[in-house]
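Undergrad: A predicted structure for the sequence below; I have some questions about it.
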Amino acid sequence: GAGVSQTPSNKVTEKGKYVELRCDPISGHTALYWYRQSLGQGPEFLIYFQGTGAADDSGLPNDRFFAVRPEGSVSTLKIQRTERGDSAVYLCASSSPGVQGYNEQFFGPGTRLTVL
Amino acid sequence: LAKTTQPISMDSYEGQEVNITCSHNNIATNDYITWYQQFPSQGPRFIIQGYKTKVTNEVASLFIPADRKSSTLSLPRVSLSDTAVYYCLVGDTSPPNNAGNMLTFGGGTRLMVKP
């Protein structure tokens, strides 16, 4: 079956511009996660959705970052007034409840964002 | 949040068994231990999860001592394709309030398998 997909795969923008990154989770997965990964580091949690609502947005670095999931499926991560420090790979993952809760996250390939 | 500590890197040779240990001294009663594998330019991939004692699947085994303050991921007979970064995560799998506990990846262990 189809896995988690993310578009675009690469995005190059200029400092100060607005960008949107899209995530299509696995069909039926109620939980969706956004992470950011800088070179040589592990993924850093940004935000977690349970259905349509953001259950935990404590990882968003500042108010320039915002994410939505209006219908409980596709999610969009929005970054305003981009800065060079926002350059990273943005990963999306989804999961569904199992016997032990939400145990396995399925990751997409990521969107590589470069801010010039 | 339960913090994890792993070796930064490890080297091995094809056909050997590799054991990667993760320390998590302040693991909570409801926390599970999960390991992910990540190849360059790909998202992490779930390997195995456990709560106590031993868990085995088709790709790895996970050993957890009685005090649960550490865990060891065991990869039998590694091949070149096992070269990757391995992450240990500790947290409660039950949403929603504890979701953040599952989401701290740390720096991971870079495993290099040599021919």
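TA: That came in fine, so what should we check first? Just so we're clear, the structure is a prediction, and the values are computed from it rather than from any experiment.
Undergrad: relative to the helix-or-strand element of chain A with minimal mean pLDDT, what are the paired strands and their orientations?
TA: Lowest by mean pLDDT, DSSP states H and E among the helices and strands of chain A is strand A:53-56, with a mean of 86. The pairing partners recorded for strand A:53-56 under DSSP bridges are strand A:44-50 (antiparallel).
Undergrad: chain center to the strand it pairs with: distance?
TA: Centre-to-centre, strand A:44-50 and its host chain are 7 Å apart (C-alpha atoms, centre = their mean, to the nearest Å).
Undergrad: then it to PDB, C-alphas only?
TA: C-alpha atoms of strand A:44-50 as PDB (Å, rounded to 0.1, in the frame of the first residue of the first chain):
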ATOM      1  CA  GLU A  44      13.500  17.100  16.200                       C
ATOM      2  CA  PHE A  45       9.900  17.000  17.100                       C
ATOM      3  CA  LEU A  46       7.700  20.000  16.000                       C
ATOM      4  CA  ILE A  47       4.100  19.100  16.300                       C
ATOM      5  CA  TYR A  48       1.700  16.200  16.700                       C
ATOM      6  CA  PHE A  49      -1.900  15.900  15.500                       C
ATOM      7  CA  GLN A  50      -4.500  13.600  16.700                       C
END
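Undergrad: tell me which stretches of chain B form strands.
TA: B:9-13, B:18-23, B:32-38, B:45-50, B:53-56, B:61-64, B:70-75, B:84-91, B:109-114 (DSSP state E).
Undergrad: list the helices and strands the third one packs on?
TA: Packed against strand B:32-38 by the contact rule (3 or more C-beta pairs under 8 Å, 6 or more residues apart in numbering or on different chains; DSSP states H and E) you find strand B:45-50, strand B:61-64, strand B:84-91. Every C-beta, even on glycine, is put in place using the N, C-alpha and C of the backbone.
Undergrad: dump these to JSON lines, plus mean pLDDT and mean neighbour count.
TA: Putting those into JSON lines (pLDDT from 0 to 100; neighbours: other C-beta atoms under 10 Å in any protein chain shown) gives the following:
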{"stretch": "strand B:45-50", "mean pLDDT": "92", "mean neighbour count": "19"}
{"stretch": "strand B:61-64", "mean pLDDT": "97", "mean neighbour count": "19"}
{"stretch": "strand B:84-91", "mean pLDDT": "92", "mean neighbour count": "24"}
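Undergrad: report pLDDT for B:P95.
TA: In this prediction, B:P95 carries a pLDDT score of 53.
Undergrad: tell me the buried residues in the least confident helix or strand of chain A?
TA: Buried residues in strand A:53-56, counting neighbours by 16 or more other C-beta atoms under 10 Å in any protein chain shown, are found at A:A54, A:A55, A:D56.
Undergrad: dump the residue contacts of the first one.
TA: Meaning A:A54. Residues near A:A54 by C-beta atoms under 8 Å, 6 or more residues apart in numbering or on different chains: A:I47, A:Y48, A:A67, A:R69.
Undergrad: can you count the residues close to the last one?
TA: Neighbourhood size, A:R69 [other C-beta atoms under 10 Å in any protein chain shown]: 20.
Undergrad: ok, the residue sitting nearest the centre point of chain A - contacts?
TA: Centroid check for chain A by C-alpha atoms, centre = their mean gives A:W34 as the closest residue, at 2.9 Å. With contact set as C-beta under 8 Å, 6+ apart, A:W34 has these partners: A:C23, A:F45, A:L46, A:I47, A:Y48, A:A67, A:S75, A:L77, A:Y90, A:L91, A:C92.
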